[in-house]
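**Q** the sequence isn't on hand, but the structure is:
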């Protein structure tokens, strides 16, 4: 029972701490680390020790997998050069640099004081331990402060792969305690771990994809998804293969996430997304709470060290400083050098302010603590090395993690533009609707009921219109068609649910039948809730685009920039017949002002149908985006 009570208490503290952090507007990982440090000194809190097997097998694979399935494989491939320099080159550089610092202080200086010196293999091991930034902390904070998507992608890619490099370096360092490895041996070991991990991940992804294609039940499919990271990790880490389980998990997650729209049904994708969000929330926040809970007993063990306190403090500060400084020392020169030697990367060069942010986003996490516990018990000054790992983890989380938002604000890095996102979403949905109508016209037969065809066209059109409505005037006095539909349909759903509950209470229908009926209402209401959540960031805020996104075509290039509107007060037809509009468009061919497709009358599109003038621009204040009806492109 005491184990069950501890688990329940842990989950409750994690949930309450994360909720409080959101309310206070601070980072949940940082807040939970502080809670853990304070709780470790409470007399009724038992000693909590992180077994490395629990973290490396129980926590790390699902955390990496949940991040990998949400990472775009295309974006990951585009930034492979930057990700490779960070996840392989920087980790090895940091491990060697920190190893030299630790070896000098705990080796040469300690020997001069008459203490047992720290061997170089152990110094290199602590360097490998503190080398990889955390897979959760950096991106969690980066997304919260609104970093550019490219920076977030690079940090995510780095955090997915750097653990593999660090663990290979650590394994090499521990093996060097018995046999001095050669450069050839280290290189072959790394290639075997990396190549084997990629191969195992590819095989597991292919097998699971074939199996999951045959499962239409969301429960079974989600069950397979929850086992995927453990299958990949165990298959790679077994003593016959001895490959990198971390790489196997990442490759499996990237491929299955990329193929999800093909191998999974919509229900399975929704179920998997919901379950993994819950699983990831519990795991990642529990990890940070556990980091803080290690503080007290690690400090207690440190008191038994024969080294003087000043030397321990100096070594800890020096390692922390090396971890922080070696990152920009590697990132900035290698990035500039790679541009000169290999040319600009395909997405274009990363700005210097972005390089500074990437250099500062080096928070360490639970892998650092778990890895240090794998050091042999007879490692000289093991308790000091464990303390250094804890100090670097907590120090980077608290110092770099708490100051990263300030650094981003000072450098004025632009985050994702919600207006441009909304504009691109509207364009994509309108293009998708056009493709759907073409398909419908292709497969329609004379026997298909006209009423059904009208409903199909209206549903797809309504989805595209709702996206355009988000670009209209914020807090408009007019209720858009989508807003009216949502308001009326929610009222209807409440009436339907009340009737079902009356039938249930009367005991007239089997409960299983009622549950199916209730489930149908819940699915529809969840869709409406999602639309309402989108609208909170839409019409209640000014999402009108201020900049011009790319995507030009011949018609956009030839269209004039400025045209005198015929009816500057609004839609020409709506003003004539007393109608209302949601969003206005200006024809760049003749100056006609009409209302957009989210308006009831759709006069702008009707004007194009009549005149074939290809390009219109937004006629809303502060907007300058244009749309080509012919090529369906933004400019």
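**A** Okay, I see it. Just so it is clear, the model here is predicted, and its values are computed rather than measured.
**Q** state the mean pLDDT of the longest helix along the chain.
**A** The longest helix of the chain (DSSP state H) is helix 309-342. The average pLDDT within helix 309-342 is 91.
**Q** try stretch 88-95
**A** 93.
**Q** mind listing what's buried along it?
**A** Neighbour-count burial for stretch 88-95 flags 88, 90, 91, 92, 93, 94, 95 (criterion: 16 or more other Cβ atoms under 10 Å). To be clear about C-beta, it is placed using only N, CA and C from the backbone, and glycine gets the same treatment.
**Q** got it, and stretch 574-585?
**A** 574, 580, 581, 582, 583, 584, 585.
**Q** that older thread, what comes up buried for the longest helix of the chain?
**A** Using 16+ other Cβ under 10 Å as the test for burial, helix 309-342 gives 311-312, 315-316, 318-320, 322-324, 326-327, 330-331, 334-335, 338.
**Q** tell me what that helix is packed against?
**A** Helices and strands touching helix 309-342, by 3 or more Cβ pairs under 8 Å, 6 or more residues apart in numbering; DSSP states H and E, are helix 80-84, helix 91-103, helix 120-130, helix 352-360, helix 382-395.
**Q** now those helices in JSON lines, with distance to residue 463?
**A** Formatted as JSON lines, the helices and strands packed on helix 309-342 follow (distance: least, Cβ to Cβ, whole Å):
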{"stretch": "helix 80-84", "distance to residue 463": "35"}
{"stretch": "helix 91-103", "distance to residue 463": "45"}
{"stretch": "helix 120-130", "distance to residue 463": "49"}
{"stretch": "helix 352-360", "distance to residue 463": "35"}
{"stretch": "helix 382-395", "distance to residue 463": "46"}
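**Q** just name the most buried of those helices.
**A** Greatest average neighbour count among the helices and strands packed on helix 309-342 goes to helix 120-130 (a mean of 26), per mean count of other Cβ atoms under 10 Å.
**Q** which other helices and strands does that helix contact?
**A** Where contact means 3+ Cβ pairs under 8 Å, 6+ apart, helix 120-130 is packed against helix 91-103, helix 149-175, helix 309-342, helix 366-372, helix 382-395.
**Q** mind listing the helices for the stretch 351-500 of the chain?
**A** Under the criterion DSSP state H, counting those that start in this stretch, the stretch 351-500 of the chain contains helices at 352-360, 366-372, 382-395, 401-411, 418-443, 450-469, 481-506.
**Q** ok, back up a step: which one of the buried residues of stretch 574-585 sits closest to residue 82?
**A** residue 583 (39.0 Å; Cβ to Cβ).
**Q** reformat the helices and strands packed on helix 120-130 as CSV; add distance to residue 527.
**A** Below are the helices and strands packed on helix 120-130 laid out as CSV (distance: least, Cβ to Cβ, whole Å):
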stretch, distance to residue 527
helix 91-103, 44
helix 149-175, 26
helix 309-342, 44
helix 366-372, 37
helix 382-395, 42
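**Q** enumerate every residue touching residue 188.
**A** For residue 188, the contact set (Cβ atoms under 8 Å, 6 or more residues apart in numbering) is empty.
**Q** wasn't it part of a helix?
**A** Yes - membership of residue 188 in a helix is supported by DSSP: H, G, I helix; E, B strand; the rest coil.
**Q** ok, now how distant is it from residue 168?
**A** In this view, residue 188 and residue 168 are 11 Å apart by Cβ to Cβ, to the nearest Å.
**Q** quick one: which of the buried residues of stretch 88-95 is nearest residue 257?
**A** The closest of those, once distances to residue 257 are taken by Cβ to Cβ, is residue 88, at 22.3 Å.
**Q** contacts only, for the closest one.
**A** Residues in contact with residue 88 (Cβ under 8 Å, 6+ apart) are 161, 162, 165.
**Q** out of those residues, who's nearest residue 626?
**A** For the contacts of residue 88, the nearest to residue 626 is residue 161 (40.9 Å; Cβ to Cβ).
**Q** quick revisit: the helices of the stretch 351-500 of the chain: which one's closest to residue 50?
**A** Among the helices of the stretch 351-500 of the chain, helix 366-372 comes nearest to residue 50, with 5.8 Å by Cβ to Cβ.
**Q** show me how far the closest one is from its chain's centre.
**A** Helix 366-372 sits 22 Å away from the centroid of its parent chain (Cα atoms, centre = their mean, to the nearest Å).
**Q** same deal with stretch 211-225?
**A** 23 Å.
**Q** mean confidence for it?
**A** Stretch 211-225 shows a mean pLDDT of 87.
**Q** equivalent analysis for stretch 489-506, please.
**A** For stretch 489-506, mean pLDDT is 89.
**Q** and the contacts of that stretch?
**A** Contacts of stretch 489-506 (Cβ under 8 Å, 6+ apart): 509, 511, 514, 517, 518, 521, 524, 525, 528.
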